[in-house]
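Visitor: Attaching a predicted model along with its sequence, questions to come.
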Amino acid sequence: MPIIVNLDVVLAKRKMKSNELAKRIGITVQNVSILKTGKAKAIRISTLDAICRCLDCQPGDILEYTDE
């Protein structure tokens, strides 16, 4: 898939664990894991908004397009 999810990188920079992010934005730890591993087929804009607010970042910090 040409979309790379860099959520793990942003979490590491913020020194935050997946379970803390999940708790703060109101999703399950399993859903955070699916996002981190790039296995998600879609992401809700509201979830992306919550992640960006919590991590104080832009969507482009989390999602990256690459031409395979």
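Guide: Nice, I can see it. Residues are numbered from 1 along each chain as shown.
Visitor: pull the CA atoms of stretch 27-35 into PDB?
Guide: Extracted in PDB, the C-alpha atoms of stretch 27-35 (Å, rounded to 0.1, in the frame of the first residue of the first chain):
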ATOM      1  CA  ILE A  27     -10.600   4.200  21.000                       C
ATOM      2  CA  THR A  28      -9.400   0.700  21.800                       C
ATOM      3  CA  VAL A  29      -5.700  -0.300  22.100                       C
ATOM      4  CA  GLN A  30      -6.300  -2.800  19.400                       C
ATOM      5  CA  ASN A  31      -7.500  -0.100  17.000                       C
ATOM      6  CA  VAL A  32      -4.400   1.900  17.800                       C
ATOM      7  CA  SER A  33      -2.300  -1.200  17.000                       C
ATOM      8  CA  ILE A  34      -4.100  -1.700  13.700                       C
ATOM      9  CA  LEU A  35      -3.300   1.900  12.800                       C
END
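Visitor: State the mean pLDDT of it.
Guide: Across stretch 27-35, the average pLDDT comes to 96.
Visitor: Return the set of buried residues in that stretch.
Guide: 27, 32-35 (16 or more other C-beta atoms under 10 Å). In short, each C-beta sits where N, CA and C put it, glycine included.
Visitor: mind listing which of those are in helices?
Guide: Among these, the members found in helices (DSSP state H) are 32-35.
Visitor: Pipe those residues into a markdown table and attach distance to Lys13 per row.
Guide: What follows is these, written out as a markdown table (distance: C-beta to C-beta, whole Å):
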| residue | distance to Lys13 |
| --- | --- |
| Val32 | 16 |
| Ser33 | 18 |
| Ile34 | 21 |
| Leu35 | 16 |
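Visitor: Just the closest of these to Leu48, please.
Guide: Closest approach between those and Leu48, by C-beta to C-beta: Leu35, at 9.4 Å.
Visitor: Give me the buried stretch members for the top helix by length along the chain, please.
Guide: The single longest helix within the chain, with elements called by DSSP H, is helix 45-55. For helix 45-55, a neighbour-count test (16+ other C-beta under 10 Å) marks 47, 50-52, 55 as buried.
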